[in-house]
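Visitor: Got a sequence here, can you model it:
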Amino acid sequence: MTDSTQVRKADHIRICLEEDVQFHHNRAGFERYRFEHCCLPELDCTDIDLSTSFLGKSLGAPILISSMTGGTAQAQQINFRLAEVAQTHRLAMGVGSQRVALEKPEVAATFAVRQKAPDALLFANIGAVQLNYGYGVEECRKVVDLLEADALILHLNPLQECIQPQGDTNFKGLLGKIEQVCHQLPVPVIAKEVGNGISVKMVQRLRDLGVQVIDVAGAGGTSWAKVEAARSPNQLLRNLGQTFGDWGIPTADCLAAIAHYDPEIPLIASGGLRNGLDGAKAIALGADLVGYAQPFLKAASESPEALAEWVELLLLELRTVLFCTGNANFQQLQRANCLHKF
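Guide: Below you'll find the predicted structure:
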């Protein structure tokens, strides 16, 4: 590996913050749902309980700071700010792909968020396709140990790899290798897309392999096809990225289908969630955690104060949904049948 990996990490942050790389036509799908308003909640808003538990850890709210970055000085600052918020509010947090930390150990400190979040639910992260490029169970153990993580994300990004210059596009035979990781790793494995969604058919196969958690990471938020197109020096790949810029299964559609197939699957909703109303809709559709990336990245890049303000707003939005639907907690919300598609 060369410094190009770090350059790519820096490019990703810059592009996501400065350029228009969002889905335009294929939305996350939450706009198709409305909550039934309760004009008399019979609740004291201050008594509403946002807390939950996931993978055996108590959380102050069902919020995941989704996997974003690492490997550069800017990424370290962002990760540390996010980790402090995760610790303060008892949120879950993932980090960006740790491949760079394995191949360039001097940047491992940019992922060392456990020191800032000793009690948080933390997810390590590596690309599943790397299991076809020399990685195995041992490397997966290393990234878990580096983060002192509670679970490992294996991210699935075939479209991104197609558009990334020199992308790793050999996905053949990965199912058996993922199964080996699931059976030999001492922590749960989370299968996560990166913004194009996971179908019920793939959930069935992944669960059969031993994957414990699904993060749908559906279409509707940041398009990694557009991100890679924006940084590519190759006009052919730039054109390819624009063609597939809105490719994928909308997040809400993923959630509804998977929850209908098996409501007991531990399920994370991410991809295009932009506020607490989106998050509450995702929970009502069956999600256990709701993941946000771009809003956290934007706020954390600005200042600790901006980040604190955004989290405060997010929590207040979630609380307001519960209050105005007459539910004291998210367990009641999921049983209330108060979210309607139109």
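
Visitor: Any regions of the stretch 1-150 of the chain where pLDDT drops low?
Guide: 1-4 (pLDDT under 70).

Visitor: Could you pull out the helices in it for me?
Guide: Applying DSSP state H, counting those that start in this stretch to the stretch 1-150 of the chain gives helices spanning 4-18, 73-89, 99-103, 137-147.

Visitor: could those helices be laid out in CSV, adding mean neighbour count and distance to Leu131?
Guide: Yep, even glycine has a C-beta here, placed from its N, CA and C like the rest. Formatted as CSV, those follow (neighbours: other CB atoms under 10 Å; distance: least, CB to CB, whole Å):
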stretch, mean neighbour count, distance to Leu131
helix 4-18, 17, 18
helix 73-89, 20, 24
helix 99-103, 20, 12
helix 137-147, 18, 8
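
Visitor: okay, those in JSON lines with distance to Leu50 next?
Guide: Rendered in JSON lines, the data for the helices of the stretch 1-150 of the chain read as follows (distance: least, CB to CB, whole Å):
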{"stretch": "helix 4-18", "distance to Leu50": "28"}
{"stretch": "helix 73-89", "distance to Leu50": "9"}
{"stretch": "helix 99-103", "distance to Leu50": "33"}
{"stretch": "helix 137-147", "distance to Leu50": "25"}
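
Visitor: Between the ones you listed, which one is closest to Gly279.
Guide: helix 73-89 (13.8 Å; CB to CB).

Visitor: Determine the angle, from 0 to 180 degrees, between the closest one and helix 4-18.
Guide: 60 degrees (axes from the mean of the first three to the mean of the last three CA atoms, to 10 degrees).

Visitor: what comes into contact with helix 73-89?
Guide: 9-10, 13, 60-61, 63, 65, 68-70, 91-93, 95-96, 109-111, 113-114, 116-120, 122, 296-297, 300-301, 304, 307-308, 311, 315 (CB atoms under 8 Å, 6 or more residues apart in numbering).

Visitor: Please apply the same query to stretch 319-328.
Guide: 35-38, 40-43, 45, 47-50, 276-277, 280, 329-330, 332-333, 336, 338.

Visitor: Could you identify the buried members of those residues?
Guide: Phe35, Pro41, Leu43, Ile48, Leu50, Gly276, Leu277, Ala280, Phe330, Leu333, Ala336, Cys338 (16 or more other CB atoms under 10 Å).

Visitor: Can you tell me which of those residues comes closest to Leu289?
Guide: Taking those together and measuring to Leu289 by CB to CB, the closest member is Phe330, at 10.4 Å.

Visitor: Can you tell me the number of residues neighbouring the nearest residue to that closest one once chain neighbours are set aside?
Guide: Take Phe330 and drop its neighbours on the chain: the residue closest to it by CB to CB, 6 or more residues apart in numbering is Ile283, 5.4 Å away. Using other CB atoms under 10 Å, Ile283 is surrounded by 25 other residues.

Visitor: can you pull the contacts of Ile283?
Guide: So Ile283 contacts Pro62, Ala269, Val290, Phe330, Leu333, Gln334 (CB under 8 Å, 6+ apart).

Visitor: you'd agree the first one is up against Leu50?
Guide: This means Pro62. Yes - Pro62 lies in contact with Leu50 (CB atoms under 8 Å); the separation is 7.5 Å.

Visitor: Now list whatever residues contact both of these two.
Guide: Phe330.

Visitor: End to end on stretch 262-276, go ahead and measure it.
Guide: One end of stretch 262-276 sits 25 Å from the other (CA to CA, to the nearest Å).

Visitor: now swap in stretch 266-283 and tell me
Guide: End-to-end for stretch 266-283, by CA to CA: 12 Å.

Visitor: try stretch 42-59
Guide: 26 Å.

Visitor: Show me where the stretch 201-342 of the chain has its helices.
Guide: Using DSSP H, counting those that start in this stretch, helices in the stretch 201-342 of the chain cover 224-231, 235-243, 251-261, 276-284, 294-302, 304-324, 330-335.

Visitor: Is it possible to get JSON lines of those that adds distance to Gly127 and mean pLDDT?
Guide: Formatted as JSON lines, the helices of the stretch 201-342 of the chain follow (distance: least, CB to CB, whole Å; pLDDT from 0 to 100):
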{"stretch": "helix 224-231", "distance to Gly127": "12", "mean pLDDT": "96"}
{"stretch": "helix 235-243", "distance to Gly127": "18", "mean pLDDT": "97"}
{"stretch": "helix 251-261", "distance to Gly127": "20", "mean pLDDT": "97"}
{"stretch": "helix 276-284", "distance to Gly127": "25", "mean pLDDT": "98"}
{"stretch": "helix 294-302", "distance to Gly127": "19", "mean pLDDT": "97"}
{"stretch": "helix 304-324", "distance to Gly127": "27", "mean pLDDT": "98"}
{"stretch": "helix 330-335", "distance to Gly127": "31", "mean pLDDT": "98"}
